[in-house]
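**Student:** can you look at this prediction? I've put the sequence above it.
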Amino acid sequence: MESKTTQPDYANERVFQRNRLPPRAYFLPKHNLSLNGRWRFHYAPTPLHAAPTSSDPSAWPTTIEVPGHWQLQGFGHPHYTNYQFPFPSDPPFPPSQNPTGTYETEFSIPSGWDSDGRKEMNYRLRFEGVDSAFHLFVNGVEVGYSQGSRNPAEFDVTDLVAIGEGAANRVRVRVYQWSDGSYIEDQDQWWLSGIFRDVLLLAFPKEGYVEDFTVRTNLDSYYHDAVLGVEFRLALTTGITLRVELRGSEHESVLIRKSFELGPLTTVYKCRFDISNPKKWTAETPDLYRLQIDLLDGARTLQTIAQPVGFRKVEIIDGNLTVNGRPIFLRGVNHHDNHPRYGRAVPVEFLRRDLVLMKQHNINAVRCSHYPSNPHFCMLANELGLYVMDETDLECHGLYDAKYASDNPSWEGAYVERIRQMVHRDKNQPSVIIWSLGNESQYGRNHRAMYEWVKKADPTRPVHYEGDQAAQTADMYSYMYPDMAFLQWAATRDGDSFTKPVVVCEFGHAMGNGPGGLKEYLDMFNKYRRLQGGFVWEWANHGLEKKDEKLGSIYAFGGDYGDVPNDGNYVMDGLCSSEHEPGPGLQEYKKVIEPVVVVREGDRLKIRNLYDFMSLDHLCAGWQLSRFPMRGREHAIAGGELDISSPQILAGTDKTFRIAGLHHVVDDLDEWWLTISFRLRHDTPWAPSGHEIAWAQFPIHGKERYKCLPPLLAVQRLNIRETNEAFHISCPDFSLSFDKTRASLTSWAFRGRDLLHRDGGPQLTFWRAPTDNDIYGDATDWYSSRVNQLTHQVRSVSPPVNSAGAFQITTETWVSPPGRTWGFNTTTTTAIHASGSIRIHTYTAPKTDEGDTPATLPRVGLELKLPREMNSVSWFGRGPGESYRDKKFAQRFGVWQQSVAAMTTPYDSPQENGNRTSTRWVRVENPRGFGIAATLHCDVPQRDQDEDEEGTFDFSVQRFGVEDLERAKHKAELEMVDNPFAVLRLDAAHHGLGSATCGPRPFEVHKLKSGAFEFTVELEAVGV
C-alpha cells in the first residue's frame, strides 16, 4: 500500500488500514469475551497532545463507558450538520484541532482457553465500530490502524497477549475525532466520536478454524427446488473433519448432515447440496433454516458456527426487481442508528424495537442510511421479515464536486474497501437483497470500481446508487423526492420495454408535521409496473436528550450545544419522535401502504390482496355497521366476520362480498357507516393476534342535515342596549356584548356562566404557526406578504336588525397587514337568536388589482378563546389523532372524546399541530358538561368532493396560541405555558402540509389558494 510518509495515517486517503485482518462474514467463535464496560480515558485537543504510549493511565483523571460517544459523556460536544463540514474543507486533511481520545483497559485470558501455559489459541481483538479512526496498542506495542467508522476492524494479537493465571493484558486505543475518512462520512447526522460499538476478544483454535464462509441459495427455474452452496476459507494446521448440518425451520427436521475430511493444507473448500422444495424466505414469509458448521479434530469440537439460511433468489426480470420470481413492492423507510441518550451506540434491544414497530406499521423494507447498521440489525430483519438495502459507509455530500474524492483515483482504494467490508460482513444475511454504493457522493470512477468489485464478489444481488442518475453502474434507477410529474415521466419514458426498475430511495420527508401527500405517491407507485415503491425519509428524529437549566430535559438539535456551523432542527425529520415513539406520519404511512384494500362497488365490496406472496388466510376480517345521530354517540347496530379464507384470496387477487347488514339501515337523517377491520389471526414474532393490519370505512347513508343550516326560529324576546363602543344583547337566559371597534363578540354568558374568555370572541384569522415544511416552502411567501401580521380595520358596523327571529349585526372590515396594499374585503353577519345560539356568516375576498397578494394562505376560519375550565372535547369526524387535507387517511370516522391537552401533538420542534379534518360537529365542555357546540358550513371554496368530505370543516383546540408555538424551539417550552384559556379554531379550509423541507410543496389539489371565501359558523351553548 502506497503511503505519503509526511502525512499521518489519519490524514492520508491512501492509508485506511495497517495490519487489519481481511473482512469476513459476521460470526463469533465459542471463545469470545466482551470488553465492553468502563475504560480509562484521556481526552486531548489534538493528536499531539494525546497521551504518550508509555504514559501511566493511573494518572488519568476519568473513565468512560464503552461502547459510547465521548461527546455524550462530558468531553467536547455533539455537532450537527446536514452536509456542510464542521471544519475547513481541504481533503484529505482533517483540521489541526482534532480532539483525540485515548482509551485503555485490561483483560486476562479466561481460564480454560489455554492450558499448561501453552497458547492453544489464536487471539484477535475485534472492534465493531469506532468513529472516525484509531491506532491500536497491546501491551505497549502498536498493532495497527483502521478507519471506516461503521465497519468492523479485526486484528491478530496472538504474539502480544500474555496467558496464564493473573496475567493482565493492556489494550490502548487512540481515537481521532477527524480523519481523511471524515470527508467521506458526511452523512446527515450528529458528528459523534469514540468506540461506539462492541469490543471483543476472540479466540480460534490453532489446529484449525473457519476463517470465513459464504452461503448462497439458488432456486430452479420454477422457484421450487433449491441448491445450497457453501464456500469455506480455512486456516488448518492439521487434518480435520468438516461437518455441515441443515435443520428445518422448526428445528426438528434434518435436511443435510454431511461430513468432509480435509487435509492440513486446505485453504478453500466448496460444497453444494440439493434441497427439495424448501420453504422460501421473503419479507412476508421469513422462513429460516439453521445451518450448523462444525470443525472436528477426532471427537473434539474445535469450532461451531450457526448461521440462519433463507432460501430466496433476487433477480431483475422483465425490468422488475423480483424475489423468488415475483416482482416485489417496497413499502420502505430509511433508518439511521440513533438513540436519544447513546447516539449511535444503540442497544440491540432498541434496534429490535424499531424493527418490530416497522412490521406493526406494514413496512416491509429498510434502507440502512447511510452505512451498515449494527451487525445484529440484518439478523433481526432475517427473523422478523424485512428486506434490507445495505448501504456502504460513504457520503461526501459537502464536497459538491466529484473531482475531490469520487472521481479522484487516489481515493479508489478507500471507496472499494468500504463496500468490501460491508459485503463480506453481511453477505450471508437473506434479508439483504440490495447493495448500495453509498449516498450523495456525486458520481465518478470510484463508484465504477466499487460496482465492478461487488459484481465479481457477489453477483446474486442487484446494486443501487442514486447518484448514478443514468444507472451506468447501478441495476435500478433511483431518485430522491420527485414530484408527480417527474415520477410519471420516469415510469413511462421507455414504455413497457424497460430493463431496470425505478426505486425512490427517499421520499415523504417526515420533518415535523408531515409528510403530506403520501397517498399520491402510493397511487402513482401502484399505477405503473416500473415503480416498485421506495423508502420514506426517515424513521425517527435524532434529538439528543440534554439537561437545560430552565427547561429541564429537552431533545437537542443543531445549535443547542453551541455547535457552529449547524443546520438547526433539520435532524428532526422522522416518522417517530426522538424516543422512537410512533408519530402521526407513521400512522399515515401505515394506512396508505396497507396490504389489503377494500373498494365499494354499489352494494358490494371488493377486497384486494396487495401482498406479493401471501394469501389472506392469516387475517380475520370483522365488520361493523354503526349509526351516528346528530351530536350523539355511536350506536353499533350490527357486526360479524367475513370469510376471506374459503376460497383463498391469493396474493394479487380479489374477492367480492355483498355489504353485510344493509337491511338494518333506516332511511333517516342519521349517518350510517360500515367499518371493516383486518387483524392477525395468530401471534407473530412482531405482534399478537388481533393486531390490526388494515381497515376501511364507507358511508352508507346520511349527511343531508350537514349540507345546509336550518332556519333560526324565535322563542323569546331579546333586549338590546347600545353604547358608543358596543351593543349589549340579553334575555333572561343569556347575555352578550358586541364590540363595534373590533367588529366582534367580546363576551357571551349563559345564566351567568361565561362561554368565552375575556375578549375572546370569534375573529377571522388566516395564520398558523408554520410547520417545518411550511418554512422551507410557502411560508417564505407568507412572511414576505406579512400574512402573520394581518389586522382588522373596521369600515362599518350596522345597528342590529331583527330578522327571522334573530338580531343581525353586519360589519364591513378591511383585513390587511401593515406596510402592504393587499388584503381582504370582509363582510360578516352575526345573527344572535333568542334561544342563545349565534350564527356567523363570513364572506371575504381579496382585492383583485393588488399584485402582492400571496398565492396561497395557511388557513381560513374563526378563532375563539374559551375559559380554561372547558377541558373536554368531543367531535364527529376523523380521529382520534390529528389530520390535514393531505395527511388524513390514518384517522377514521367516529365520535371521539379527548381532553384539550390530548388534542396537541407534541412534536419535538413546536409548530402547527392538532388539526382535525372532515368534522361534522364539535363540542368543548367543562367537567359539568357546560360549554360550546359548533358547526361550520363552507360554500366557497367547496371542500374536497370525496363522499366523506362534503359539508365538513376543520377544527383544533389547544392551550397554546399561535405565538406560543412560533416562539418555542423545544416542546419543553410549551409545557411551561400556562394560558388561562383554550384556543378553538373553526376552519373552512387549510393549506396542505407537503414535504417541502426536502421535496415538493403541497400538491396542487391540496393548496389553499388566495381567493374568495364564504362560510357560516353556528355556535350553541350546551349543558345549560
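**Tutor:** It's in. Residues are numbered from 1 along each chain as shown.

**Student:** contacts and neighbour counts: CA atoms only from here.
**Tutor:** Noted.

**Student:** grab the most central residue of this structure for me.
**Tutor:** The centroid of the chain falls nearest to residue 539 when counting by C-alpha atoms, centre = their mean (2.4 Å).

**Student:** does that residue touch residue 335 like I think?
**Tutor:** Yes. At 5.3 Å, residue 539 and residue 335 qualify as touching, with contact defined as C-alpha atoms under 8 Å.

**Student:** quick one on the thing from earlier: ok, now how distant is the residue nearest to the centre of the chain from residue 516?
**Tutor:** Residue 539 is 16 Å from residue 516, where distance means C-alpha to C-alpha, to the nearest Å.

**Student:** same check on residue 215?
**Tutor:** For residue 215 relative to residue 516 (C-alpha to C-alpha), the value is 42 Å.

**Student:** my read: residue 361 touches residue 587, true?
**Tutor:** Yes. Because the distance of 7.2 Å satisfies C-alpha under 8 Å, residue 361 is recorded as touching residue 587.

**Student:** check contacts around residue 230.
**Tutor:** Shown here is residue 230, whose contacts under the criterion C-alpha atoms under 8 Å, 6 or more residues apart in numbering are 213-216, 270-272.

**Student:** looks to me like residue 678 is in a strand.
**Tutor:** Yes. Read with DSSP: H, G, I helix; E, B strand; the rest coil, residue 678 is one of the residues of a strand.

**Student:** if we can go back for a sec, can you pull the contacts of the residue nearest to the centre of the chain?
**Tutor:** Taking C-alpha under 8 Å, 6+ apart as the definition, contacts of residue 539 comprise 333-336, 574-576.

**Student:** cutoff 6 Å now
**Tutor:** By C-alpha atoms under 6 Å, 6 or more residues apart in numbering, residue 539 lies in contact with 334-335, 574-575.

**Student:** grab the CA positions of stretch 602-611 and hand them over as PDB.
**Tutor:** These are the backbone C-alpha positions of stretch 602-611, laid out as PDB (Å, rounded to 0.1, in the frame of the first residue of the first chain):
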ATOM      1  CA  GLY A 602     -72.600  -0.400  -5.300                       C
ATOM      2  CA  ASP A 603     -73.900  -2.800  -2.700                       C
ATOM      3  CA  ARG A 604     -70.800  -4.900  -2.900                       C
ATOM      4  CA  LEU A 605     -67.300  -4.700  -1.500                       C
ATOM      5  CA  LYS A 606     -64.200  -5.900  -3.400                       C
ATOM      6  CA  ILE A 607     -61.300  -7.000  -1.200                       C
ATOM      7  CA  ARG A 608     -57.900  -6.800  -2.900                       C
ATOM      8  CA  ASN A 609     -54.900  -8.700  -1.600                       C
ATOM      9  CA  LEU A 610     -51.800  -6.500  -2.300                       C
ATOM     10  CA  TYR A 611     -49.300  -8.900  -0.700                       C
END
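
**Student:** which of the residues in that stretch are buried?
**Tutor:** Going by neighbour count (16 or more other C-alpha atoms under 10 Å), the buried part of stretch 602-611 is 605-611.

**Student:** which one of those sits closest to residue 209?
**Tutor:** residue 611 (43.0 Å; C-alpha to C-alpha).

**Student:** measure that closest one to residue 958 for me?
**Tutor:** With distances taken as C-alpha to C-alpha, residue 611 is found 40 Å from residue 958.

**Student:** quick one: residue 419 is in a helix?
**Tutor:** Yes. Membership of residue 419 in a helix is supported by three-state DSSP.

**Student:** what about residue 425, which helix or strand?
**Tutor:** Assigned by DSSP states H and E, residue 425 falls within helix 412-426.

**Student:** now swap in residue 200 and tell me
**Tutor:** Applying DSSP H and E, one finds residue 200 within strand 199-205.

**Student:** quick check: mean pLDDT of the helix or strand just after that strand?
**Tutor:** Next helix or strand after strand 199-205 toward the C-terminus (DSSP H and E): strand 208-219. In this model, strand 208-219 carries a mean pLDDT of 98.

**Student:** quick one: contacts of strand 208-219?
**Tutor:** Outside strand 208-219, the residues within contact range by C-alpha under 6 Å, 6+ apart are 24-25, 225-237, 311, 428.

**Student:** residue contacts, residue 870?
**Tutor:** With the criterion set at C-alpha under 6 Å, 6+ apart, residue 870 makes contact with 925-926.

**Student:** pretty sure residue 447 is in a helix, no?
**Tutor:** Yes. Counting by three-state DSSP, residue 447 falls inside a helix.

**Student:** any idea how far residue 398 is from it?
**Tutor:** 17 Å.

**Student:** who has more neighbours, these two?
**Tutor:** Under the criterion of other C-alpha atoms under 10 Å, the comparison of residue 447 against residue 398 puts residue 447 first, with 24 against 20.

**Student:** name all residues that make contact with the more buried one.
**Tutor:** Residues counted as contacts of residue 447 (C-alpha under 6 Å, 6+ apart): none.

**Student:** repeat the analysis, applying 8 Å as the threshold.
**Tutor:** Contacts were defined as C-alpha under 8 Å, 6+ apart; by that measure residue 447 touches 406, 415, 437, 473.

**Student:** also residue 185?
**Tutor:** By C-alpha under 8 Å, 6+ apart, the contact set of residue 185 is 393-396.

**Student:** just the closest of those residues to residue 190, please.
**Tutor:** residue 395 (13.9 Å).

**Student:** quick one: low-confidence parts of the protein?
**Tutor:** Judged against pLDDT under 70, the low-scoring parts of the chain cover residues 1-5, 116-118, 249-252, 702-716, 804-805, 943-948.

**Student:** all helices of it, in order?
**Tutor:** Assignment of helices within the chain using DSSP state H yields the ranges 348-360, 375-384, 412-426, 445-457, 484-492, 518-527, 584-592, 704-707, 772-775, 779-785, 962-967, 971-975.

**Student:** list the buried residues in the last one.
**Tutor:** It stands for helix 971-975. The neighbour-count check on helix 971-975 (16+ other C-alpha under 10 Å) flags 971-974 as buried.

**Student:** look up how far residue 378 lies from residue 28.
**Tutor:** Taking C-alpha to C-alpha as the criterion, residue 28 is separated from residue 378 by 15 Å.

**Student:** of those two, who's got more company?
**Tutor:** Between residue 28 and residue 378, residue 378 has the larger neighbour count (other C-alpha under 10 Å), namely 25 against 16.

**Student:** that one contacts residue 388, correct?
**Tutor:** Yes. With contact taken as C-alpha under 8 Å, residue 378 and residue 388 are classed as touching, separated by 7.3 Å.

**Student:** give me the common contacts of the two.
**Tutor:** Overlap between the contact sets of residue 378 and residue 388, as judged by C-alpha under 8 Å, 6+ apart, is given by 431-432.

**Student:** so which of the buried residues of stretch 602-611 are in strands?
**Tutor:** When the buried residues of stretch 602-611 are checked against strands using DSSP state E, the ones located there are 605-609.

**Student:** for the residues you listed, which one is nearest residue 878?
**Tutor:** Out of those, the member with the shortest distance to residue 878 (by C-alpha to C-alpha) is residue 605, at 21.9 Å.

**Student:** right, I'll call it a day here.
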